[in-house]
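Novice: Only the shape, not the letters, is given here:
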């Protein structure tokens, strides 16, 4: 029988305090500029951050929004919120417009800790519950009227580096974080992630593949994603260390591994392909990395492992669900193997939740022996929660097939969402922004196969002619860079199914028609804006130049 974890097993604040007491001088965090924090220093900084958040008037159980790039503040604000018993919600730094407005309003937080270069994106939004912006970094960005403004550096500095007083102990079943994932038929959903969920994530992704206290993990994925936050928590729990860099850059990945002495990394989706496509070099093995998670696995995964001298593992999980599969040294890129722990029950079912026979594809549904291991649902969205938790099982939205040996492989997705280079894209949100353009009458957005993951294809019916580049520029002002379609397919009519909705199954089968316009062929590429951390000294002029640089290149 699975044992329910204690606070010391999984609650972030309890684990941090235990590490600070047991190994105070051991390095936990290394940053892009080489600065190192021991476990004790990390705890003291995060205790001070917790006191600073309490000084902003935040009460036990309240939500806190953070809109930050990777760095010191992203770590201390997150851990400080956990220590103060707050519910931390990080926002994607690429968000803007209506997507941003809806996300902020859904959480209902009174306070947001926000990077200076992002503040002006809040202008013009209707944010009735937001009261204060605590700004990270220098500069004097324009702030929405009616909001109090403070400096995050002032909130935590000078505070006592001791555990903050909290009315009641933080319990394992409480939400440590609320993290956004893509919507399907509507806006992005806010996933509740209890402390227990994080423990189970760490067991699958660290413990099961042999990550130890002697390892250092390269955190190059954004910390507002599961690829960035889970390793930070898992390393804290394991007694390992982390190196937090500003992001993944193909040309710098191996350099980052070397200069920070990293032994473990997660190489998600397109990252692996970008590294593989670089010209072979005599220095391909000149790095300390010993273990790399690759998901999904490249067909050339074994050649990848041989070329770069690493052991590979793969995992399958979701923002809502700890990893059901965790496989070290995979031999076939198409298989996930068996569930890594008996704590999971897995059923593949048809549209009526009836289990399908071996060899027949079905939607993967799961449940866990430990309560709160899988998300309890979506914040303030009982309808979506009811859809995903049906008949006592969590519905993944992924179609898998199980073979005679009891091994599983992914076949397809049920959900109307798109996975592009590690980011989830809501087709509904892209369609909504397309329909805001005065020339667009109808739009249907799908994901189409790419070398890895998917690309975004928009099928569009126009009321009047429009230049594709003008339409892309319109969307780039309203959507995150990763959600802007690569392909635009202009048609006279969009076929519909019996429910009179766009027939997306037909569109997926058709794929990219030769007539479709390709943004990348046209030489238009969109990139993530690179934000500096709180130690930068950005002037007002530099902030304006950064804002103007968000353009098609």
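Specialist: Yep, it's here. Fair warning: this is a prediction, and the values are worked out from it, not measured in the lab.
Novice: what stretches of the stretch 101-250 of the chain score poorly on pLDDT?
Specialist: Applying pLDDT under 70 to the stretch 101-250 of the chain picks out residues 157-158, 182-186.
Novice: rerun at 90
Specialist: Counting by pLDDT under 90, the stretch 101-250 of the chain shows low-confidence ranges at 138-141, 154-165, 167, 181-188, 226.
Novice: what do you get for the stretch 451-553 of the chain?
Specialist: 451-455, 463, 478-483, 492-513, 520-521, 523-553.
Novice: Buried residues, the longest helix anywhere in the chain. List them.
Specialist: Scanning the chain for the helix with the most residues, using DSSP state H, yields helix 39-55. Using 16 or more other C-beta atoms under 10 Å as the burial criterion, the residues of helix 39-55 that qualify are 39-54. In this view, the C-beta of every residue, glycine as well, is placed from N, C-alpha and C.
Novice: Kindly report the same for stretch 506-521.
Specialist: 507, 510, 516-517, 519.
Novice: With stretch 468-477 instead?
Specialist: 468, 471-472, 474-476.
Novice: what helices or strands is the longest helix of the chain leaning on?
Specialist: The contact analysis (3 or more C-beta pairs under 8 Å, 6 or more residues apart in numbering; DSSP states H and E) places helix 39-55 against helix 12-22, strand 27-31, helix 72-83, helix 152-156.
Novice: does residue 469 sit in a helix or strand, and which one?
Specialist: helix 468-476 (DSSP states H and E).
Novice: how distant is that helix from the center of its chain?
Specialist: 26 Å (C-alpha atoms, centre = their mean, to the nearest Å).
Novice: try stretch 508-515
Specialist: Taking mean C-alpha positions (C-alpha atoms, centre = their mean), stretch 508-515 and its chain are 29 Å apart.
Novice: mind checking the end-to-end distance for that stretch?
Specialist: Distance across stretch 508-515, first residue to last, is 16 Å (C-alpha to C-alpha, to the nearest Å).
Novice: what does that stretch rub up against?
Specialist: 446-449, 457, 487, 489-490, 518 (C-beta atoms under 8 Å, 6 or more residues apart in numbering).
Novice: ok, back up a step: return the member of the buried residues of helix 39-55 nearest to residue 386.
Specialist: residue 53 (33.2 Å; C-beta to C-beta).
Novice: Help me confirm that that closest one comes into contact with residue 78.
Specialist: No - here residue 53 lies out of contact with residue 78, judged by C-beta atoms under 8 Å, at a distance of 10.8 Å.
Novice: can you pull the buried residues of stretch 339-347?
Specialist: 339-341, 343-344, 346-347.
Novice: Do me a favour and get the end-to-end distance for it?
Specialist: Using C-alpha to C-alpha, first and last residues of stretch 339-347 are 11 Å apart.
Novice: State the mean pLDDT of that stretch.
Specialist: For stretch 339-347, mean pLDDT rounds to 97.
Novice: leaving aside the residues next to it on the chain, what's closest to residue 295?
Specialist: Leaving aside its chain neighbours, residue 295 sits nearest to residue 314 (5.1 Å; criterion: C-beta to C-beta, 6 or more residues apart in numbering).
Novice: mind checking the SS state of that neighbour?
Specialist: strand (DSSP: H, G, I helix; E, B strand; the rest coil).
Novice: which residue is nearest the centroid of this structure?
Specialist: Taking C-alpha atoms, centre = their mean, the centroid of the chain lies closest to residue 225, which sits 2.0 Å from it.
Novice: Now the phi/psi pair for it, please.
Specialist: phi -120, psi 160 (degrees, to the nearest 10).
Novice: From residue 370, how far off is it?
Specialist: 24 Å (C-beta to C-beta, to the nearest Å).
Novice: same question, residue 312
Specialist: 28 Å.
Novice: related to what we said a few turns ago, the inter-axis angle of the longest helix of the chain versus strand 27-31?
Specialist: 70 degrees (axes from the mean of the first three to the mean of the last three C-alpha atoms, to 10 degrees).
Novice: Quick one: distance of helix 39-55 to the chain centre.
Specialist: The answer for helix 39-55 is 24 Å, by C-alpha atoms, centre = their mean.
Novice: now do the same end-to-end measure for stretch 351-360.
Specialist: First residue to last in stretch 351-360 (C-alpha to C-alpha) measures 13 Å.
Novice: ignore the last one, stretch 462-474
Specialist: Span of stretch 462-474 from end to end, C-alpha to C-alpha: 15 Å.
Novice: Centre of the chain to that stretch, how far?
Specialist: With C-alpha atoms, centre = their mean, you get 30 Å for stretch 462-474.
Novice: How about stretch 196-216?
Specialist: Distance, centroid of stretch 196-216 to centroid of chain: 18 Å (C-alpha atoms, centre = their mean).
Novice: and what of stretch 221-240?
Specialist: With C-alpha atoms, centre = their mean as the basis, the mean position of stretch 221-240 lies at 11 Å from the chain mean.
Novice: all strands for the stretch 451-553 of the chain, in order.
Specialist: Using DSSP state E, counting those that start in this stretch, the strands of the stretch 451-553 of the chain run over 454-462, 487-490, 517-518.
Novice: Let's have those in a markdown table, adding distance to residue 398.
Specialist: Compiled in a markdown table, these are given as follows (distance: least, C-beta to C-beta, whole Å):
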| stretch | distance to residue 398 |
| --- | --- |
| strand 454-462 | 14 |
| strand 487-490 | 24 |
| strand 517-518 | 28 |
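Novice: Of those, which is nearest residue 34?
Specialist: strand 454-462 (37.2 Å).
Novice: What strands line up against that closest one, and which way round?
Specialist: strand 440-449 (antiparallel), strand 487-490 (parallel) (DSSP bridges).
Novice: Would you mind giving the domain segments of this protein?
Specialist: 7-171, 342-371+381-406, 417-479+485-518 (automatic domain parsing).
Novice: Name the residues that touch stretch 275-293?
Specialist: Against stretch 275-293 from outside (C-beta under 8 Å, 6+ apart): 205, 209-211, 215, 218, 250, 253-254, 257-258, 261-267, 298, 300, 304, 307-315.
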